[in-house]
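**Student:** One predicted model, sequence on top.
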Amino acid sequence: MNDTPDAAHSDAVHPEALQRADPAAVARRVAERRERLGLSEDDLARQAAMAPRYLHHLLEAGPAFDPGGFLRIAAALGLSRSTLLEGRADAPPGQGGPGPRPRLLDLTERECWDLVGAHGVGRVALPVQPGPVVYPVNYVVDDGTFAYRTGGHSAAGLPEGAALSFQIDHIDEYLGRGWSVLALGTAHHVEDPDEVRRLADLPGASPWAGGDRPHWIRIRPDKITGRRLVSG
């Protein structure tokens, strides 16, 4: 009944991971996977070689109560134990849910620049037809601007002076916290060969996507704002 590449196997899990695993999150993953496979709780208990009442108790108690039992549950669901305990490593962020008493706080401009750091991955939003599009790009921060590399015929290669927005964020799945920074500005081509070489030598300048990306676009923000999600 396995329908994903997450074939079950006895993968090693560090004891700290067992203690750290959130029983409610693990139970939610079990329920979602069970329903996707069309299994009832009794079906899952039978395939995991345990009584239905014990399965229910195990999901409430958490993985540290009976690691071997959770290994049988993972096998019955066609998942690795690490995926069951910690979720998919390549899953989109935000599946862990909010933390207790979440609140949004506005960031100052200085806090925004501190958070985005010297380089990273952000999303550039472009005003094209038939509608806006968003592309992830590797960026560097240079003297109050963002800069990224693009190919000669790439959609991210905007004309000089084009209006755009640029967004960077971070989510802490375990604590249910995060932040988001949004810059509004214009695109400018970097033409000077010395400037191109200097940008290319900055940490984080190499694009993850690889390929020939000889052109640099500099984003000069007219406005930069941000918000931080806190909990507790």
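**Tutor:** Perfect, I can see it now. Not measured: the values here are computed from a predicted model. Numbering: from 1, shown residues only.
**Student:** quick check: longest strand of the chain.
**Tutor:** The single longest strand within the chain, with elements called by DSSP state E, is strand 215-230.
**Student:** So which residues of the protein form helices?
**Tutor:** 15-20, 23-36, 41-47, 52-61, 67-77, 81-86, 109-116, 193-200 (DSSP state H).
**Student:** Including mean pLDDT, distance to Thr186 and mean neighbour count, could those go into a markdown table?
**Tutor:** C-betas here are computed from N, CA, C, even on glycine. What follows is the helices of the chain, written out as a markdown table (pLDDT from 0 to 100; distance: least, C-beta to C-beta, whole Å; neighbours: other C-beta atoms under 10 Å):
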| stretch | mean pLDDT | distance to Thr186 | mean neighbour count |
| --- | --- | --- | --- |
| helix 15-20 | 64 | 45 | 12 |
| helix 23-36 | 87 | 43 | 16 |
| helix 41-47 | 94 | 56 | 16 |
| helix 52-61 | 92 | 53 | 16 |
| helix 67-77 | 90 | 50 | 21 |
| helix 81-86 | 81 | 42 | 22 |
| helix 109-116 | 96 | 18 | 16 |
| helix 193-200 | 94 | 17 | 12 |
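**Student:** quick one: which of those is nearest Ser180?
**Tutor:** helix 109-116 (9.1 Å; C-beta to C-beta).
**Student:** tell me the angle the closest one makes with strand 215-230.
**Tutor:** On the basis of axes from the mean of the first three to the mean of the last three C-alpha atoms, to 10 degrees, helix 109-116 is oriented at 110 degrees to strand 215-230.
**Student:** Check which helices and strands helix 109-116 is in contact with.
**Tutor:** Where contact means 3 or more C-beta pairs under 8 Å, 6 or more residues apart in numbering; DSSP states H and E, helix 109-116 is packed against strand 163-172, strand 177-190, strand 215-230.
**Student:** Kindly format the C-alpha coordinates of it as CSV.
**Tutor:** This file holds the C-alpha atoms of helix 109-116, laid out as CSV (Å, rounded to 0.1, in the frame of the first residue of the first chain):
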residue,chain,number,x,y,z
GLU,A,109,14.3,49.0,9.2
ARG,A,110,17.5,48.2,11.0
GLU,A,111,16.0,45.0,12.4
CYS,A,112,15.0,44.0,8.8
TRP,A,113,18.5,44.4,7.5
ASP,A,114,20.0,42.5,10.5
LEU,A,115,17.6,39.6,9.8
VAL,A,116,18.3,39.2,6.1
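**Student:** Can you list the neighbours in contact with that helix?
**Tutor:** Contact with helix 109-116 is made by 107, 122, 141, 144, 146, 168, 170, 179, 181, 224-226, 228, as judged by C-beta atoms under 8 Å, 6 or more residues apart in numbering.
**Student:** Closest to Gly204 out of these?
**Tutor:** For these, the nearest to Gly204 is Val141 (9.1 Å; C-beta to C-beta).
**Student:** Spit out the contact partners of the closest one.
**Tutor:** By C-beta under 8 Å, 6+ apart, Val141 lies in contact with Trp113, Val116, Gly117, Ala118, His119, Ala147.
**Student:** ok, so of these, who is nearest Ala48?
**Tutor:** Gly117 (44.8 Å).
**Student:** Name the nearest residue to the closest one, sequence neighbours excluded.
**Tutor:** Take Gly117 and drop its neighbours on the chain: the residue closest to it by C-beta to C-beta, 6 or more residues apart in numbering is Val141, 7.0 Å away.
**Student:** Check the average confidence over stretch 224-231, would you?
**Tutor:** Throughout stretch 224-231, pLDDT has a mean value of 93.
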